[in-house]
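In: only geometry, no sequence info:
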């Protein structure tokens, strides 16, 4: 085996550190304390560096908080939890309308759908600024919501009919819930009549109508399934 | 949620997927930044910046390279930009390595003094030495010796050849050895000075 000198060792040192083992280099290292010391030093540096990875820690939570804020500010992220709630609500509305007008012929359905939306929007979301307009507003509300109430009544009759053949506990429970919601609507209507400027009362009434529509939709669906 | 699903959902702007990707990778990115700058506040800012750039560009990720490689490339670039700004110059790739070696200056003596490093290296003095490395050497050293990346991955991260990565790592280790020897010698001088001061005080 050829004996190599320090210079040659140093020129082939890089592959040695990468794991390439050659007998002539090993022999040189055995006989050269100078080069042997270099190898030992670099091995010690590597060993110390490797031990650092075991003590790696997550970035502090404030980094994510700040990052998220920035992403929101730039409109790069959307909250899927909120989105799914929103889309769930939209789906419920669709079900609500379908259930509500399920028994009505299609051309009539579209008209009733719009009438209901306009009535609800006009009656429940319209601002009331002056006391002098309250009576007018109440009258407007009564007129505007009457088609909605009429449609709800029709849907209720249809649902009741479609469920008539079913005597299950679930059907009984739906009827019971409908009575509760009707009571709730009556209470909300009373509150709105007493204090037309109370937006919370109007919100509750709106929500009550929605609940009734949801319930009717469920009853309607169930009736269809039973039939 | 597996990483591939998180990437796909993040590309659609899903907040939970962004968070999942952050949780999966923040530790390595933060550690890389911390080793490179040696300062927790700066490392936090750089981690945030690296992820911000990642999320801004995530729609363009096509999976040609591993996601972590892509992220590390962004992180290394963010850190190198910061270090260049700090030094007040727009450095070229050569300048972030070792100026005297690249320009053919006097070659350093690999052998150095006879002081033995083994047993005297600890976290603090190695970190101090790493901080003194030129940014290019530092990146390769941290990626390879600390984080365990292979040269082909480092080449992709750093945008250089595999041979270049190997050569930079070798130079980084040799430079660290010198810096550690210098620190050892300085300590030995201080110890001697302190000992002679003590001896003088006793007389």
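Out: Cool, the structure landed. Not measured: the values here are computed from a predicted model.

In: tell me how many other residues surround residue 24.
Out: Picking chain A for this. By other Cβ atoms under 10 Å in any protein chain shown, the residues close to residue A:24 number 14. Heads up, the C-betas are built off the backbone N, CA and C, glycines and all.

In: please go with chain B instead
Out: There are 16 residues near residue B:24, going by other Cβ under 10 Å.

In: was I right to think it contacts residue B:3?
Out: Yes: counting by Cβ atoms under 8 Å, residue B:24 does reach residue B:3; the two are 6.2 Å apart.

In: any idea how chain B splits into domains?
Out: Split into domains by automatic domain parsing, chain B comes to B:1-89, B:113-203.

In: which stretch in these has the least confidence?
Out: Least confidently modelled of the domains of chain B is domain B:113-203, at a mean of 87 by mean pLDDT.

In: returning to that earlier point: could you dump the domains of chain B to JSON lines with distance to chain A?
Out: Output for these, formatted as JSON lines (distance: least, Cβ to the nearest Cβ, whole Å):
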{"stretch": "domain B:1-89", "distance to chain A": "4"}
{"stretch": "domain B:113-203", "distance to chain A": "4"}
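
In: could you pull out the helices for chain B?
Out: Assigned by DSSP state H, chain B shows helices spanning B:3-11, B:15-37, B:40-57, B:67-87, B:99-102, B:123-131, B:135-141, B:151-158, B:162-202.

In: deepest-packed of these, please.
Out: helix B:135-141 (a mean of 26; mean count of other Cβ atoms under 10 Å in any protein chain shown).

In: could you give the separation of it from the chain centroid?
Out: 5 Å (Cα atoms, centre = their mean, to the nearest Å).

In: hang on, the earlier thing: okay, the domains of chain B in CSV with distance to residue A:15 next?
Out: CSV is the format used below for the domains of chain B (distance: least, Cβ to Cβ, whole Å):
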stretch, distance to residue A:15
domain B:1-89, 24
domain B:113-203, 8
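
In: domains of chain A?
Out: A:6-52, A:89-226.

In: between the two ends of the first one, what distance do you get?
Out: Translated: domain A:6-52. For domain A:6-52, the first-to-last residue distance is 32 Å (Cα to Cα, to the nearest Å).

In: could you list the low-confidence segments of chain A?
Out: A:1-2, A:79-148, A:159, A:162-173, A:197, A:199-200, A:218, A:220-227 (pLDDT under 70).

In: 50 - rerun?
Out: Residues of chain A meeting the criterion pLDDT under 50: A:82, A:86, A:90-91, A:93-115, A:118, A:121-122, A:124-125, A:128-132, A:225-227.

In: just the helices in it please.
Out: A:6-11, A:13-17, A:23-31, A:33-52, A:61-73, A:80-100, A:106-125, A:134-163, A:169-194, A:199-226.

In: is the third one in proximity to chain B?
Out: If I follow you right, that is helix A:23-31. No: using Cβ under 8 Å from any Cβ of the partner chain, helix A:23-31 stays clear of chain B, with a minimum separation of 13.5 Å.

In: same question for the shortest one.
Out: Yes: using Cβ under 8 Å from any Cβ, helix A:13-17 reaches chain B at A:13-14, A:17.

In: same list, those residues, but as a markdown table with neighbour count and distance to residue A:67 please.
Out: Converted to a markdown table, those look like this (neighbours: other Cβ atoms under 10 Å in any protein chain shown; distance: Cβ to Cβ, whole Å):
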| residue | neighbour count | distance to residue A:67 |
| --- | --- | --- |
| A:13 | 20 | 43 |
| A:14 | 17 | 40 |
| A:17 | 17 | 38 |
